[in-house]
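Student: Just the structure for this:
(2 chains)
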Protein chains: 2
Amino acid sequence: MSDTKQAGSMPGPEITLSSETKFQGKIISLQVHEVQLPSGATSTREIIRHPGAAAVIAIVDGKLLTVGQYRKPMDKYQVEIPAGKLDAGEDPAVCAARELKEETGITAASVRLVDAFYTSPGFADEKVYLYVAEGLEQGESQPDEDEELHVEALTMEQAEDYIERGLIGDAKTLMAVYLWKLSKHTGQIGLRG
Amino acid sequence: MSDTKQAGSMPGPEITLSSETKFQGKIISLQVHEVQLPSGATSTREIIRHPGAAAVIAIVDGKLLTVGQYRKPMDKYQVEIPAGKLDAGEDPAVCAARELKEETGITAASVRLVDAFYTSPGFADEKVYLYVAEGLEQGESQPDEDEELHVEALTMEQAEDYIERGLIGDAKTLMAVYLWKLSKHTGQIGLRG
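Tutor: Presented below is the predicted three-dimensional model:
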């Protein structure tokens, strides 16, 4: 394609001139930054700080493990892969294995990182580390006190049906289904597969 | 897999007992809800309200159109597919075509919805509508005043290299690359392909 006037130059940093924390919660905090753009102009940025999260693709007997829960932000029941936010200083791999165990009762011999992504780069720093769990063994689930979960193992056809019905509809779970589907052609879950 | 004690029952709604808007910004707002869980226990939920966004997969001469920009929440330059937030009441398809035109100068004869996803179901209601643009024609870009963009068309190999180097690392763009890669096996971009 032809160049635009910006092409060829990576936009430089936005410098924080001043910032204010407007909210400090249990899980997220919110800051407003006054920034100077590379052009010299100024603008404001509304920024959510989040500790990050780990999520797990776990395939048991050819089925994807999911947990259903009520999601208050959308006021809607959603089916998602097991996931949870990182504790302070926690290794995302440890978090992934921990959440899998707590939410589904499954123990993984190991987890392999396949992906990490920012959920909303425009306004949040949240990063989700996506793992594949390997060497799975059944145990007992131990959900958090304020989590009410419904564990289900889905075939690919069920997962696609859930997507069409809006039961599955979040970034990490759609990614998991895409990577799982891709693995049917390439032989392994992961981009290089 | 075997049942857990939750299996078989979809967790019911969390009822808002009271809520407070803690921040009202230009793009996002933040509420804290005191909720009653189906068990009868109470908890709080920190919720970001966001108008939603549209994003576009545009393939020109076998290359994926991207825009690079500085992302203040991560203080990092990121390469993403064209996207932008919905104006009040705006049809996401109209938004997708508008953002593609503004950011890259490319006009699409039509856009086709392939996906829609919640970015962070735990704390935000943001939904991103992901389109494939078809019938593309070159024009002139018109980025927003406070956007400084770097337009690039990437081969699959370049996109994968950008992912490995952390230049591509957000949910919508990784999804676009996965769907694009899947389409090499299935013949079309979209889950049913």
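Student: those strands in chain A, which residues are they?
Tutor: A:15-24, A:29-36, A:42-49, A:53-57, A:59-60, A:63-71, A:76-80, A:83-85, A:106-118, A:127-138, A:150-154 (DSSP state E).
Student: Now the residue nearest the centre of chain A. Nearest residue, chain neighbours left out?
Tutor: Nearest to the mean C-alpha position of chain A, counting by CA atoms, centre = their mean, stands A:V128 at 3.8 Å. Among residues not flanking A:V128 along the chain, A:A53 sits closest, at 4.9 Å (CB to CB, 6 or more residues apart in numbering or on different chains). For the C-beta atoms, the positions are set from N, CA and C on the backbone; glycine is no exception.
Student: who's that neighbour bridged to?
Tutor: A:K85, A:V128 (DSSP bridges).
Student: A:D146 against B:V35, yeah?
Tutor: No. With contact defined as CB atoms under 8 Å, A:D146 does not reach B:V35; the gap is 9.0 Å.
Student: And those two? Which one has more around it.
Tutor: Neighbours per residue, other CB atoms under 10 Å in any protein chain shown: of A:D146 and B:V35, the larger number sits with B:V35, 19 against 14.
Student: hmm, the top helix by length along chain A touching chain B?
Tutor: Secondary structure of chain A per DSSP state H: the longest helix is helix A:171-186. Yes. Legend: contact between helix A:171-186 and chain B by CB under 8 Å from any CB of the partner chain is shown at A:171-172, A:174-175, A:177-179, A:181-182, A:185.
Student: Next, the angle strand A:106-118 makes with that helix.
Tutor: 100 degrees (axes from the mean of the first three to the mean of the last three CA atoms, to 10 degrees).
Student: For helix A:171-186, buried residues please.
Tutor: A:171-183 (16 or more other CB atoms under 10 Å in any protein chain shown).
Student: Please apply the same query to stretch A:22-40.
Tutor: Per 16+ other CB under 10 Å, stretch A:22-40 contains these buried residues: A:22, A:25, A:28-33, A:35, A:37.
Student: And stretch A:41-61, by the same measure?
Tutor: Buried, per 16+ other CB under 10 Å, within stretch A:41-61: A:43-59.
Student: still on that earlier bit, ok, the residue nearest to the centre of chain A touching A:K172?
Tutor: Yes. A:V128 lies in contact with A:K172 (CB under 8 Å); the separation is 5.5 Å.
Student: Next, show the common contact partners of the two.
Tutor: Residues touching both A:V128 and A:K172 (CB atoms under 8 Å, 6 or more residues apart in numbering or on different chains) are A:55, A:83, B:171.
Student: from memory A:I189 sits against A:D115, does it?
Tutor: No. Under the criterion of CB under 8 Å, A:I189 makes no contact with A:D115, lying 9.5 Å away.
Student: can you list residues touching both of the two?
Tutor: A:L179.
Student: Dump the strands of chain A to TSV, plus distance to B:A97 and mean pLDDT.
Tutor: As requested, the strands of chain A are exported to TSV (distance: least, CB to CB, whole Å; pLDDT from 0 to 100):
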stretch	distance to B:A97	mean pLDDT
strand A:15-24	33	98
strand A:29-36	29	98
strand A:42-49	25	97
strand A:53-57	32	98
strand A:59-60	38	96
strand A:63-71	30	96
strand A:76-80	28	97
strand A:83-85	33	97
strand A:106-118	25	96
strand A:127-138	29	96
strand A:150-154	34	95
